[in-house]
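> got a structure for you, letters missing:
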């Protein structure tokens, strides 16, 4: 078998995502260690159905919408609950083809040859044809067909939807550092919260983002600018300042744990955002 074409390239070619959206999904994928498709759905840049079409194209099989597929409980005699639960598979239908019966089977990505082989052996059907189905739809179908109830795998976007509003966003920090920064700001009655990549890309002009320079370079890759004011942490040498300028940063922190420097940078950017007079871009 040859190397699979990357899912991101497939979704780009299908027009499901653009490069900025794909980069956002990749950041989530590497930060949270979830599959790229799930990361894209969580970030709200595409739907589970879009990802399923891409995965089906990648695997060279058809996708099936289980929520609109008639389910036949009689087929559970061919695929017992033990196998259905183990591989999360659903028997769809029997088709007569070339004097052979073909069992069509819904299963999750990636296609498991072991699952197909086991279903072939236990069902007695010489040919089993796999179809990719969405995780959430498989969960519902397992409940309907077998009475197997489990939590859905795909998490809908928007953990941040219920987060309290705050104009100061912390992005890309290790948890301990984020807590220390947040506490330092809170002592001066400046509210802050941790932000997702999607929130950073969709900041308002009144927002301020505080992030390590590497995190912002990974998110923006020199092609995107955010509306909010950006304060970055990096090395205080010429290269560090040049990198910050390329990102459009308005503030620079050599040491984010230095409370005085942190407050000075935040207040400077707040003042610049309130200042109606235009100023030349760059760090100040």
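Structure received. Because the structure is a prediction, the values reported are computed rather than measured.
> which SS class is residue 11?
The three-state label given to residue 11 by DSSP: H, G, I helix; E, B strand; the rest coil is helix.
> What distance do you get for it to residue 211?
Separation of residue 11 from residue 211 (C-beta to C-beta, to the nearest Å): 26 Å. All C-beta spots, glycine's among them, are computed from the backbone N, C-alpha and C.
> for residue 183, same thing?
18 Å.
> What helices and strands are in contact with the longest helix seen in the chain?
In terms of residue count, the longest helix belonging to the chain (DSSP state H) is helix 259-274. Applying 3 or more C-beta pairs under 8 Å, 6 or more residues apart in numbering; DSSP states H and E, one finds that helix 259-274 contacts helix 175-186, strand 208-212, strand 229-233, strand 251-253.
> which parts of the next helix or strand after the second one are buried?
Going back to what we said before, that points to strand 208-212. Downstream of strand 208-212, the next assigned helix or strand under DSSP states H and E is helix 213-220. Applying a neighbour-count criterion of 16 or more other C-beta atoms under 10 Å, one finds 213, 215-220 buried in helix 213-220.
> Run through the bridge partners of residue 132.
Under DSSP bridges, the beta-bridge partners of residue 132 are residue 63, residue 107.
> How about the contacts made by it?
Neighbouring residues of residue 132 by C-beta atoms under 8 Å, 6 or more residues apart in numbering: 52, 55-56, 59, 61-64, 106-109, 111.
> In PyMOL, select just the buried ones from those.
Burial among these is assessed by 16+ other C-beta under 10 Å; the matching PyMOL selection reads:
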select buried, resi 52+55+56+61+63+64+106+107+108+109+111
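> Farthest pair within the contacts of residue 132?
Among the contacts of residue 132, the pair separated by the greatest distance (C-beta to C-beta) is 62 and 108, at 14.3 Å.
> before we move on, the earlier item: out of the buried residues of helix 213-220, which one has the weakest pLDDT?
Among the buried residues of helix 213-220, residue 220 carries the lowest pLDDT, at 81.
> so it sits right up against residue 232, yeah?
No - Residue 220 lies out of contact with residue 232 (C-beta atoms under 8 Å); the separation is 10.7 Å.
> low pLDDT regions in the stretch 151-284 of the chain?
151-166, 222-224, 275-284 (pLDDT under 70).
> Help me confirm that residue 207 comes into contact with residue 230.
No - between residue 207 and residue 230 there is no contact under C-beta under 8 Å: 9.5 Å.
> So which of the two has more stuff around it?
For residue 207 versus residue 230, neighbours defined as other C-beta atoms under 10 Å are more numerous around residue 230 (27 against 21).
> so what's the residue nearest to that one when sequence neighbours are not counted up against?
Leaving aside its chain neighbours, residue 230 sits nearest to residue 249 (4.7 Å; criterion: C-beta to C-beta, 6 or more residues apart in numbering). For residue 249, the contact set (C-beta under 8 Å, 6+ apart) comprises 213, 216, 230-232, 283.
> Hmm, residue 186 is touching residue 180, no?
No - applying C-beta under 8 Å, one finds residue 186 not in contact with residue 180, separated by 10.7 Å.
> Pick out whichever of these two has more residues nearby.
Comparing residue 186 with residue 180 by other C-beta under 10 Å, the one with more neighbours is residue 180, at 16 against 11.
> Please tell me how far that one sits from residue 70.
On the measure of C-beta to C-beta, residue 180 and residue 70 end up 57 Å apart.
> same check, this time on residue 218
46 Å.
> what does residue 134 give?
17 Å.
> of these two, who's got more company?
Legend: neighbour count by other C-beta under 10 Å for residue 134 and residue 70, higher for residue 134 (28 against 6).
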